[in-house]
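Engineer: no sequence for this one, just the structure:
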Ligand SMILES: [Fe+2]
């Protein structure tokens, strides 16, 4: 807020001390009279003889003016053009135009261009002071409204962040509930996230997309919460009905997350993480680049982690055997470029100590896989 103004709730009277006014008019006598009146009232006053002179004062001297009082008709740059140019440089300055009776239309267009008020020549000192006070008060109220709007936006954003954090925490709890239900997948979501992020970085994917990928990977199997425990942990081969239940999990994930706008950007990646590059996956049977990039990355990471983890129906494959399987299926099940990038960074991937190692790594040389 301008220091010369009173705080909201106090008297609206303007205190002219410290308020800087630039008077722009080609008539030297008028500038002199106006200056006298304003300085007697306590304002600080500068003068300019036309629009160009006014802009020079602003740019060369770098003085911050609270009020611009300008004539309309002047040689060189006129008052209307000056108002437009000034607003681009100093939108917080209150503008007031001085016009002759015959220029009322022009005064109205000045108001449309953002001037706070106009005063008709000839005028006396009292009318001038009231007009300037009104203009300053109006500008100050505009500033208060703008501050309030910005503050409100900030508060809304803070509240939205809190709500989104609550969503993330509840979903995190659901992921943990899923891992408790299907104990063969403990640490799976976090490892798929680590593999996916490492692959994306190896590919040079922009960091903002990597962040979305990270969030999608954590949630990719959330829908398994809707699959019966007896099916998830079945030691033998799934029958047709059980298989159909399992393949619905990407769609269940989406139906859980869809009501929350915060998760919308992640839904395509989650929905299509079981698509195959050759079009033989589910649920859409998409092929090649029809499959979202994040889904193609997660498909490799997900399969590698599944192969290197013990499941109800088989023990974990050794890491090098699983890597060879990714290579073998490159170009059919997997995007060959992504398989290549995954295989090139996989030996360097380390799992933080708070995340379960895949069973294969547990059996091999666990230290080698820890960060
Ligand atoms: Fe899945």
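Structural biologist: Cool, got the structure. What you see is a predicted model; the values in this text were computed from it and never measured.
Engineer: Can you give me the buried ones in stretch 329-346?
Structural biologist: For stretch 329-346, burial by neighbour count (16 or more other C-beta atoms under 10 Å) applies to 329-330, 333-335, 338-343, 345-346. Where C-beta positions appear, they are placed from N, C-alpha and C, glycine not excepted.
Engineer: Over to stretch 315-323?
Structural biologist: Within stretch 315-323, the residues scored as buried using 16+ other C-beta under 10 Å are 316, 317, 319, 322, 323.
Engineer: if I read this right, residue 274 contacts residue 250, doesn't it?
Structural biologist: Yes - with contact defined as C-beta atoms under 8 Å, residue 274 counts as touching residue 250 (6.0 Å).
Engineer: Backbone dihedrals for residue 334, please?
Structural biologist: phi -120, psi 150 (degrees, to the nearest 10).
Engineer: wait, what's in contact with residue 38?
Structural biologist: By C-beta atoms under 8 Å, 6 or more residues apart in numbering, the contact set of residue 38 is 16, 21, 23, 45, 128, 129, 132.
Engineer: Which residues are in contact with the spatially closest residue to the first one that is not a sequence neighbour?
Structural biologist: Nearest-residue entry for residue 16: residue 42, 3.7 Å, with adjacent residues in sequence omitted and distances by C-beta to C-beta, 6 or more residues apart in numbering. Residue 42 makes contacts with 15, 16, 17, 19, as judged by C-beta under 8 Å, 6+ apart.
Engineer: just the buried members of the residues you listed?
Structural biologist: Among these, the ones that count as buried (16+ other C-beta under 10 Å) are 16, 19.
Engineer: Now render the buried residues of stretch 329-346 as a markdown table, adding secondary structure, pLDDT and distance to residue 210.
Structural biologist: Listed next are the buried residues of stretch 329-346 as a markdown table, based on DSSP: H, G, I helix; E, B strand; the rest coil; pLDDT from 0 to 100; distance: C-beta to C-beta, whole Å:
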| residue | secondary structure | pLDDT | distance to residue 210 |
| --- | --- | --- | --- |
| 329 | coil | 98 | 24 |
| 330 | strand | 97 | 22 |
| 333 | coil | 97 | 23 |
| 334 | strand | 98 | 19 |
| 335 | coil | 98 | 17 |
| 338 | helix | 98 | 14 |
| 339 | helix | 98 | 18 |
| 340 | helix | 98 | 18 |
| 341 | helix | 98 | 13 |
| 342 | helix | 98 | 14 |
| 343 | helix | 97 | 19 |
| 345 | helix | 96 | 13 |
| 346 | helix | 94 | 17 |
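Engineer: ok, back up a step: closest to residue 365 out of the buried residues of stretch 315-323?
Structural biologist: residue 319 (9.9 Å; C-beta to C-beta).
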